[in-house]
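Asker: Sequence plus predicted model, see below.
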Amino acid sequence: MAQTNKRFPEGFLWGGATAANQMEGGFHEGNKGLNIADVLPGGKERLKVLSEPGFNFEIDHSKYTYPNHEGIDFYHRYKEDIALFAEMGFKAFRMSIAWTRIFPNGDELEPNEDGLAFYDRVFDELRKYNIEPVVTISHYEMPINLVKEYGGWRSREVVTFFERYVNAIFNRFKDKVKYWMTFNEINSGLMMPIMGLGFAIQNEEDRYRPTFQAFHHQFVASSIAVKACHEIIPDAKIGCMIIYAPVYAFDSNPENQLYALQEERLFNYFCADVQVRGEYSPFIKRYFEQHNIELEIKASDLELIKEHTVDYIAFSYYMSRTEKKVKTDEDKAHGNILSGIKNPFLKASDWGWEIDPTGLRVALNKLYDRYEVPLFVVENGLGAYDKLEEDGSIQDDYRIDYLREHIAAMRDAINEDGVDMMGYTSWGCIDLVSASTGEMSKRYGYIYVDKHDDGSGTLERKKKKSFFWYKDVIATNGEKL
Ligand code: BGP
């Protein structure tokens, strides 16, 4: 009998993931313009703004705190941070380019040289250590001017501005960046349109036609980016990026099974169907009919979308979701963003995110069965309160346990199920500002950053216990977990 190979493929892209708006800081430096993340309040207000209709971009936000204005000051400390990533043995580093560093208002004709030069420095530093930059083109960072003046992705004009932006970055960085992805967690626009689609819904109606029109513009923009990337950087790969929480039916009641399937198709597959298969699925077309959603779609849009599909699927995996058709408030699992019904088999993080390593294997199998393109887990990790011990150490064994089990699930998906995986970049490899809370105390990193929710702290970096553990994982190509 053939021996099962328990290893990861050669060249597997081990590393960590971040986003500009959650780490760079320097929010006014280098002629950078303001983006959405720069004006979203932190703390409890943040969650309200993300999940409830009615946010007004014009109100005076001066009473709020904005931890991301300073972030963790990667803008000035990138050399120190990249040296630490190199020490861990990173093969890849996922980061995003802030659109507002390149086009501060989004609608200029010429790019901002200071912004381009900053990313040149970062990519050069990564190359120095043979770390592949994996770049998200748009990670919740739309220029605020495009939001206020054009209505975010609802506007067709934004597609033209985005085209200018991608051409500028592909041409400038063509020799330095070979892995790209278009929109971070594109399907999150269904639950957090403000971040993903660049507009604040004002009522429940806005969740239908305006939301899907904005999605359509993003799909066109994504295909334009794929086409440009393939033309300008023929040896590059460009993917879509979705948030993926596989949906389980609560029980074998066929009604619940059907409901879980429908939720899965709408939330998990709708975007990837367009970006990977190149067309709107029959399911979503029917959904549009049922909800009287008539979109403005040019015939040439559909050709473009069909012709320029992505090379791989990148996705974030934090949890699975359990659902049943009829649920009470008591049934609910109170995750702060994604939530379904409590799953009695799972424990949850301090923020109610249910921890399910096997769910990652399920996710990899479902996505690979459906699309048969390489998969890249570009976010996964445990947000936790870390304690700095008196001796300066951080004993984050809970994080190591979480990561070990998730990495083992990937290993089994590759070796036992035949899934084709490109790499793994765990989220927040260095502590950074949380997207859903806008705070520092929800930490994911292998590297601790001395910064707190009230903005205090020295910004000093410290290696956590998980730093040394992950270093070994990478050094043994996942054999030693
Ligand atoms: C994803 C986002 C990231 C990141 C992560 C963790 O949804 O792409 O930007 O922040 O989730 O979420 P949080 O920071 O809310 O814990």
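Answerer: It's in.

Asker: Quick check: bridge partners of the residue in the stretch 201-350 of the chain that the ligand sits nearest to?
Answerer: The minimum distance from the stretch 201-350 of the chain to the ligand, using Cβ to the nearest ligand atom, falls at residue 316 (5.3 Å). Glycine gets a C-beta too; all of them are placed from N, C-alpha and C. For residue 316, the beta-bridge partners are residue 243, residue 379 (DSSP bridges).

Asker: How many residues are close by it?
Answerer: Residue 316 has 19 neighbours, counted by other Cβ atoms under 10 Å.

Asker: just the one 4 residues further on next, same as before
Answerer: Neighbourhood size, residue 320 [other Cβ under 10 Å]: 23.

Asker: cool, and residue 175?
Answerer: When neighbours are counted by other Cβ under 10 Å, residue 175 comes out with 9.

Asker: related to what we said a few turns ago, do you know how far the residue of the stretch 201-350 of the chain closest to the ligand is from residue 171?
Answerer: From residue 316 across to residue 171, the span is 29 Å (Cβ to Cβ, to the nearest Å).

Asker: give me every residue that touches residue 126.
Answerer: For residue 126, the contacting residues are 82, 93, 132-133, by Cβ atoms under 8 Å, 6 or more residues apart in numbering.

Asker: rerun that using 7 Å as the cut-off
Answerer: Applying Cβ atoms under 7 Å, 6 or more residues apart in numbering to residue 126 gives the contacts 82, 93, 133.

Asker: Confirm that the second one sits in a strand.
Answerer: If I follow you right, that is residue 93. Yes. Counting by DSSP: H, G, I helix; E, B strand; the rest coil, residue 93 is found in a strand.

Asker: circling back to that earlier point, hang on, isn't the residue of the stretch 201-350 of the chain closest to the ligand packed against residue 243?
Answerer: Yes. In this structure, residue 316 is within contact of residue 243 by Cβ atoms under 7 Å, at 5.0 Å.

Asker: ok so, going back, ok, of the contacts of residue 126, which one's closest to the ligand?
Answerer: Checking those one by one against the ligand (Cβ to the nearest ligand atom), the nearest turns out to be residue 93, at 15.1 Å.

Asker: Tell me the predicted confidence for residue 439.
Answerer: Residue 439 is assigned a predicted lDDT (pLDDT) of 91.

Asker: what does residue 60 give?
Answerer: 62.

Asker: ditto for the one 5 residues further on
Answerer: We have a pLDDT of 66 for residue 65.

Asker: follow-up on the earlier one: show me what contacts the residue of the stretch 201-350 of the chain closest to the ligand?
Answerer: Contact partners of residue 316, counting by Cβ under 7 Å, 6+ apart, are 185, 243-244, 378-380.

Asker: Count the neighbours of residue 238 for me.
Answerer: Per other Cβ under 10 Å, the neighbour tally for residue 238 reads 27.
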